[in-house]
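**Student:** need a 3D model of the sequence below.
(one chain, ligands or ions: 3)
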Amino acid sequence: MNIKLVKDGTQNSDNNLVVEFMTIGELKENENAKVLQKAGFKAEQDSTCFLYDKNILVCGVDANTVDNIRSASSGAIVEIKKTNYKSATFSVDEKILKGIIEGLILGAYEFTHYKSKPTKSKLKNINLSCSDVKELSEAFEDAIIIAEATCFTRDIVNQTPEDLNPLTFAVLAEKLAKENGLECNILGEKELRAEKMESMLAVGRASRHESKLIHLTYRPQNAKKIISLVGKGLTYDSGGLSLKPADSMVTMKMDKAGASAVLGMIKAVSELKLDVEVHAFIGAVENMIGGDAYKPDDVLVTRSGKTVEVRNTDAEGRLVLADVLDYAQTTVNADYIFDFATLTGACMVALGQYTTGVMGHSHRLKHNISKSANESGELTASLPFNNHLKKLLKSSVADLSNISSKPYGGAITAGLFLDNFIKDENKNKWLHFDIAGSAYTETPWDCNVYGGTGAGVRMMSEFLKSLK
Ligand code: BES
Ligand code: ZN
Ligand code: ZN
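**Tutor:** Ligands and ions are numbered 1, 2, ... in the order given. Reported below is the predicted structural model:
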């Protein structure tokens with residue numbers, strides 16, 4: 001699907017469908033009101049109505065906001081792809097351009113890698129018609145880069161745990177580094193042992209795949225800020241010896257979504273050519289069972305020197321991140337440290353499937369991030385730390401337990417566990433994003449289709465763009 005900006009090109013024909021967005025108020029005034037009413041079209045958000053004899057598709061929106069247009073164009077493109085039209089034209093202006101591009105690219109996304117006969121759509125060209133192509137071209141290019149980086153992340157998440165394991169993750173990162181001119185450093189288990197990353201190593205011990213720590217760097221000449229992005233890359237989370245029940249294990253290939261998002265972010269930043277130095281740190285590990293598996297009752301010595309009593313091997317992401325966060329902080333002196341992780345089912349219980357949980361100490365940073373998230377179309381909510389929840393991580397045998405002693409507030413206690421591995425001087429520079437709910441879906445919503453959503457990529461690209 002080729003998308004281009006064109007000047008005043010809205011001719012409808014048997015090959016070219018013209019797409020119109022319409023609110024209920026606009027419906028009454030529309031020249032096709034009668035036939036639309038006959039078809040039962042009420043201009044409800046995300047509803048569509050084809051007027052085939054006129055080669056027009058009408059899409060309902062509650063209001064002409066970017067969020068509504070993104071969602072509507074996402075639903076529209078799914079419908080258009082089922083028809084025989086070779087091209088479609090949308091009218092755009094500065095306000096809705098980004099929403100339309102994201103809706104089209106993210107809504108049209110399909111992961112067909114494992115289909116022996118993928119269905120092919122006839123739709124080849126999308127024309128975005130505007131009055132001044134030059135004026136919109138930079139915003140156009142940026143939106144395409146960000147949407148495609150989001151699809152890149154989805155492609156990684158959607159691959160099977162057999163195809164996308166810690167080794168192939170590292171190979172994929174090396175390929176991205178080569179293509180986008182990034183520095184790349186990969187640590188295997190020998191190097192992880194030398195770094196004393198026993199916590200991360202313990203999680204991956206029963207896997208046939210060697211654990212890998214991947215460090216990519218985008219280093220522009222005049223960097224205004226330095227950012228460290230850390231991603232949970234559990235290429236499979238069986239739960240380990242605290243084995244997940246069969247139904248909960250399905251979809252756990254998505255436990256690498258944080259790491260996949262971080263790769264998407266550094267891809268976007270390097271293509272947007274932003275003046276920010278970005279480091280991506282990925283802990284790529286598989287949590288399995290076997291005679292060699294780490295166990296409940298083990299005590300792990302983390303890279304930081306703090307000891308952790310393992311009471312549940314399914315709370316493995318925090319054990320990997322403890323070491324990767326510590327490594328990131330000693331390797332790079334960053335202005336901001338953000339980690340992305342499908343960390344807890346509790347986050348989904350607290351916020352629902354659509355919203356990313358944001359945790360950290362700096363209210364200002366949380367506020368700034370939520371502004372960028374809003375502008376990007378991603379949903380976030382702050383989950384507040386407190387000292388009572390913090391005490392629930394106490395252990396009688398080690399410095400810390402890897403699970404809380406009480407069953408409530410699990411997303412926050414997981415965030416507080418990570419906080420133990422954030423150095424004092426970095427407390428206000430760090431935020432933790434729990435994307436357990438938002439990273440994957442089995443039912444389409446907004447511009448998300450079945451599978452990985454690419455959660456985090458649009459929000460972080462927007463934030464990094466906003467840094468001056
Ligand atoms: N990867 C899971 C969290 C998860 C659950 C992500 C559902 C996406 C969907 C994580 O490693 C995990 O298993 N967490 C446990 C923590 C518990 C043992 C304290 C959980 O959420 O149940
Ligand atoms: Zn787990
Ligand atoms: Zn996990």
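
**Student:** shouldn't residue 74 be in contact with residue 447?
**Tutor:** Yes. The pair residue 74 and residue 447 passes the contact test of C-beta atoms under 8 Å, sitting 4.0 Å apart. Heads up, the C-betas are built off the backbone N, CA and C, glycines and all.

**Student:** where does the stretch 101-250 of the chain come near ligand 2, residue by residue?
**Tutor:** Selection of the stretch 101-250 of the chain residues close to ligand 2 by C-beta under 5 Å from the ion yields residue 237.

**Student:** mind listing the helices for the stretch 101-250 of the chain?
**Tutor:** Along the stretch 101-250 of the chain, the segments classed as helices by DSSP state H, counting those that start in this stretch run 133-158, 166-180, 189-194, 198-204, 246-249.

**Student:** just to revisit the earlier point, so what sits against both of residue 74 and residue 447?
**Tutor:** 102-103, 106-107 (C-beta atoms under 8 Å, 6 or more residues apart in numbering).

**Student:** compare those residues and tell me which is most surrounded.
**Tutor:** residue 103 (29 neighbours; other C-beta atoms under 10 Å).

**Student:** excluding chain neighbours, give the residue nearest to that one in space.
**Tutor:** Once flanking residues are discounted, residue 103 sits nearest to residue 73: 3.2 Å by C-beta to C-beta, 6 or more residues apart in numbering.

**Student:** residues contacting that neighbour?
**Tutor:** Under the criterion of C-beta under 8 Å, 6+ apart, the neighbours of residue 73 are 19, 21, 59, 90, 99-100, 103-104, 107.

**Student:** mean neighbour count, the helices of the stretch 101-250 of the chain: which tops it?
**Tutor:** helix 198-204 (a mean of 25; mean count of other C-beta atoms under 10 Å).

**Student:** who touches it?
**Tutor:** Residues external to helix 198-204 that are found in contact with it (C-beta under 8 Å, 6+ apart): 166, 189, 192-193, 210-211, 213, 234, 240, 283, 285-287, 294, 298, 300-303, 308, 310, 313, 316, 319-320, 322-324.

**Student:** now for the host helix or strand of residue 326, which elements pack on it?
**Tutor:** Counting by DSSP states H and E, the element that carries residue 326 is helix 317-331. In this structure, helix 317-331 packs against helix 198-204, strand 212-218, strand 225-237, strand 276-287, strand 336-341, helix 410-419, with contacts taken as 3 or more C-beta pairs under 8 Å, 6 or more residues apart in numbering; DSSP states H and E.

**Student:** as CSV, could you dump the C-alpha coordinates of the first one?
**Tutor:** In other words, helix 198-204. These are the backbone C-alpha positions of helix 198-204, laid out as CSV (Å, rounded to 0.1, in the frame of the first residue of the first chain):
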residue,chain,number,x,y,z
GLU,A,198,23.1,-13.8,38.1
SER,A,199,19.4,-12.7,38.4
MET,A,200,18.9,-12.4,34.7
LEU,A,201,21.0,-15.6,34.1
ALA,A,202,18.9,-17.6,36.6
VAL,A,203,15.7,-16.9,34.7
GLY,A,204,17.1,-18.2,31.4
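
**Student:** quickly check: it near ligand 3 or not.
**Tutor:** No. Among the residues of helix 198-204, none lie within reach of ligand 3 under C-beta under 5 Å from the ion; the closest is 9.3 Å away.

**Student:** does ligand 1 sit close to that helix?
**Tutor:** No. Counting by C-beta under 6 Å from any ligand atom, ligand 1 is not contacted by helix 198-204; separation bottoms out at 9.8 Å.

**Student:** for the record, mean pLDDT for that helix?
**Tutor:** Taken as a whole, helix 198-204 has a mean pLDDT of 99.

**Student:** now stretch 439-457
**Tutor:** Here stretch 439-457 scores 98 as its mean pLDDT.

**Student:** what of stretch 297-317?
**Tutor:** 99.

**Student:** that stretch: end-to-end distance?
**Tutor:** Using C-alpha to C-alpha, to the nearest Å, the span of stretch 297-317 from its first residue to its last is 17 Å.

**Student:** please apply the same query to stretch 300-316.
**Tutor:** Between the start and the finish of stretch 300-316 there is a gap of 12 Å, counting by C-alpha to C-alpha.

**Student:** that stretch close to ligand 3?
**Tutor:** No. Counting by C-beta under 5 Å from the ion, ligand 3 is not contacted by stretch 300-316; separation bottoms out at 5.6 Å.

**Student:** flag every buried residue along that stretch.
**Tutor:** Along stretch 300-316, these residues count as buried under the neighbour rule (16 or more other C-beta atoms under 10 Å): 300-304, 306-311, 313-316.

**Student:** figure out which of the helices of the stretch 101-250 of the chain is closest to residue 466.
**Tutor:** Each of the helices of the stretch 101-250 of the chain was scored for nearness to residue 466 using C-beta to C-beta, and the closest is helix 133-158 (12.4 Å).

**Student:** residues in contact with stretch 374-390?
**Tutor:** 66-67, 70, 99, 102, 347, 350-351, 354-361, 366, 369-370, 373, 404, 409, 411-413, 415-416, 419, 433-434, 438, 446-447, 455-456, 458-459, 461-462.

**Student:** who touches residue 160 in this structure?
**Tutor:** Under the criterion of C-beta under 8 Å, 6+ apart, the contact partners of residue 160 comprise 114, 253.

**Student:** that one and residue 439: what is the separation?
**Tutor:** From residue 160 over to residue 439 the distance is 17 Å, taken as C-beta to C-beta, to the nearest Å.

**Student:** what of residue 110?
**Tutor:** Distance from residue 110 to residue 439, counting by C-beta to C-beta: 18 Å.

**Student:** so which of these two has more stuff around it?
**Tutor:** Taking other C-beta under 10 Å, residue 110 and residue 439 do not tie; residue 439 has more neighbours (30 against 15).

**Student:** show me what the closest residue to ligand 3 within the chain is bridged to.
**Tutor:** At 3.7 Å from ligand 3, residue 237 is the closest residue in the chain, using C-beta to the ion. For residue 237, the residues forming beta bridges with it (DSSP bridges) are residue 287.

**Student:** how about residue 437, phi and psi?
**Tutor:** Residue 437 adopts backbone torsions of phi -80, psi -40, taken as degrees, to the nearest 10.

**Student:** tell me which element the nearest residue to it once chain neighbours are set aside falls in.
**Tutor:** Leaving aside its chain neighbours, residue 437 sits nearest to residue 348 (3.8 Å; criterion: C-beta to C-beta, 6+ apart). According to DSSP H and E, residue 348 maps onto helix 345-351.

**Student:** run the contact check for that helix versus ligand 2.
**Tutor:** No. Contact between helix 345-351 and ligand 2 is absent, the nearest approach being 8.8 Å (criterion: C-beta under 5 Å from the ion).

**Student:** for that helix, name the packing helices and strands.
**Tutor:** In this structure, helix 345-351 makes packing contacts with strand 355-360, helix 410-419, judged by 3+ C-beta pairs under 8 Å, 6+ apart.

**Student:** any chance you could list what contacts that helix?
**Tutor:** The set of residues that contact helix 345-351 without belonging to it, under C-beta under 8 Å, 6+ apart, is 248, 357, 381, 383, 409-411, 414, 434, 436-437.

**Student:** list the buried residues of that helix.
**Tutor:** Counting neighbours by 16+ other C-beta under 10 Å, one finds that the buried residues in helix 345-351 are 346-348, 350-351.
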